[in-house]
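Engineer: Predicted model and sequence follow; I will ask about them next.
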Amino acid sequence: MSLPRKNRDDPRTSVGVSFAARLAFEHIDHAYDDKAVLDDVSLVAEAGEVLCLLGPSGSGKSTLLRIAAGIEPQQAGRVLLNDREIAGPSVFLPPEKRSIGLVFQDFALFPHLTLLDNTRFGLTELSRKDGIAEAKNALSRVGLGDKMDAYPHELSGGQQQRVALARALAPRPAVLLMDEPFSGLDSRLKDAVRAETLAILRQSRTTAIIVTHDAEEAMRIADRIALLKDGRVVQVGTAQQLYHQPVDLFTARFFSEVN
Ligand code: ADP
Ligand code: MG
């Protein structure tokens, strides 16, 4: 059964899934003071895929996520969601209008708010009742439906990561951005949290861009990997392509320690 057109376009309908979108960066430049940190970056995350942004510290990964989220306006180039320009020379859609969720590297949970209130924090466009319902739904989807009244400090690191994920997923974004979501976790927890996160992403039918500096992690979780160096995209492809057909020595070295 196909949905009426109006419902199909509204990501917040009762079908219970969000609609993954294609996110494209076109010729993005960015500098802090006089220091160029992104240099002509063109890159596409296809609808529904998990794209890893991989690169060493300082290569511009977080800056690119902030530009997509609308927290940082780029200095040149455009960002498109499906075919719509959301940021460009004469367009700047504010973060809350982009249908793009962001999970910060440190999770950025509010310590004085319960999980429910942390999760419904960004749902300002909904009524209180609908906001609570959507937040409960999101917490249930990440397996924390029974902990809504708890506070962040009562949770493990893996659980805190899931609250941050629930908060980002609650508005049913078309694209979810995650900045080093696993780097702060105990290494014994990492595999399990990664697997859970990927399952939640697939179920939520969102496009995901996940930042990491860990080549092995990218190989495990990504549909495709974009390798960055000094603010430029060096190579984009599947893990197999980057591992077996590196375009240069930098890529080869980056993957050389992965077994
Ligand atoms: P990554 O996430 O890959 O480590 P970033 O995007 O955080 O890279 O940073 C890219 C470069 O920009 C780094 O050299 C960093 O020091 C610099 N940088 C990042 N944020 C700022 C800022 N707010 N002001 C000045 N320089 C910054
Ligand atoms: Mg970073």
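Structural biologist: Cool, got the structure. Keep in mind that what you see is a predicted model, and the values were worked out from it rather than measured. Ligands and ions are numbered 1, 2, ... in the order given.
Engineer: any idea how far the residue nearest to residue 148 when sequence neighbours are not counted lies from residue 106?
Structural biologist: In space, residue 148 comes closest to residue 116 once its chain neighbours are excluded; the distance is 4.2 Å by C-beta to C-beta, 6 or more residues apart in numbering. All C-beta spots, glycine's among them, are computed from the backbone N, C-alpha and C. Distance, residue 116 to residue 106, by C-beta to C-beta, to the nearest Å: 21 Å.
Engineer: immediately after the helix or strand hosting residue 41, which helix or strand?
Structural biologist: Assigned by DSSP states H and E, residue 41 falls within strand 35-45. Moving toward the C-terminus from strand 35-45, the next helix or strand (DSSP H and E) is strand 50-54.
Engineer: Which residues outside the helix or strand that comes right after that next one are in contact with it?
Structural biologist: Remark: after strand 50-54, the chain's next helix or strand is helix 61-69, criterion DSSP H and E. Helix 61-69 has contacts (C-beta atoms under 8 Å, 6 or more residues apart in numbering) with 23, 25, 28, 30, 37-38, 41, 43, 53-55, 72-74, 79, 87, 95, 98, 100, 102, 105, 175, 177, 179, 209, 211, 213, 228.
Engineer: in which helix or strand would I find the most centrally placed residue in the chain?
Structural biologist: With distances taken as C-alpha atoms, centre = their mean, the chain has residue 177 as the residue nearest its mean C-alpha position (1.2 Å). Residue 177 is part of strand 175-179, with elements assigned from DSSP H and E.
Engineer: now the angle from that strand to strand 35-45?
Structural biologist: In terms of direction (axes from the mean of the first three to the mean of the last three C-alpha atoms, to 10 degrees), strand 175-179 departs from strand 35-45 by 140 degrees.
Engineer: Strand partners (parallel or antiparallel) of strand 175-179?
Structural biologist: strand 100-103 (parallel), strand 207-212 (parallel) (DSSP bridges).
Engineer: what's the next helix or strand after that strand packed up against?
Structural biologist: Next along the chain after strand 175-179, taking DSSP H and E as the criterion, comes helix 187-204. On a contact count with 3 or more C-beta pairs under 8 Å, 6 or more residues apart in numbering; DSSP states H and E, helix 187-204 meets helix 128-141, helix 157-169, strand 175-179, helix 215-221.
Engineer: do you know which of those lies nearest ligand 1?
Structural biologist: strand 175-179 (7.3 Å; C-beta to the nearest ligand atom).
Engineer: any residue of the closest one up close to ligand 1?
Structural biologist: No: using C-beta under 6 Å from any ligand atom, strand 175-179 never reaches ligand 1; the gap is at least 7.3 Å.
Engineer: Low-confidence regions, this protein specifically.
Structural biologist: Within the chain, the segments meeting pLDDT under 70 span 1-18, 259.
Engineer: circling back to that earlier point, does the residue nearest to the centre of the chain touch residue 100 like I think?
Structural biologist: Yes: using C-beta atoms under 8 Å, residue 177 is in contact with residue 100, at 6.4 Å.
Engineer: Is there a quick ChimeraX command that grabs whichever of the contacts of helix 61-69 are buried?
Structural biologist: In ChimeraX, selecting the buried portion of those, with burial taken from 16 or more other C-beta atoms under 10 Å, looks like this:
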select :23,25,28,30,37,38,41,43,53,54,55,72,74,79,87,98,100,102,175,177,179,209,211,213,228
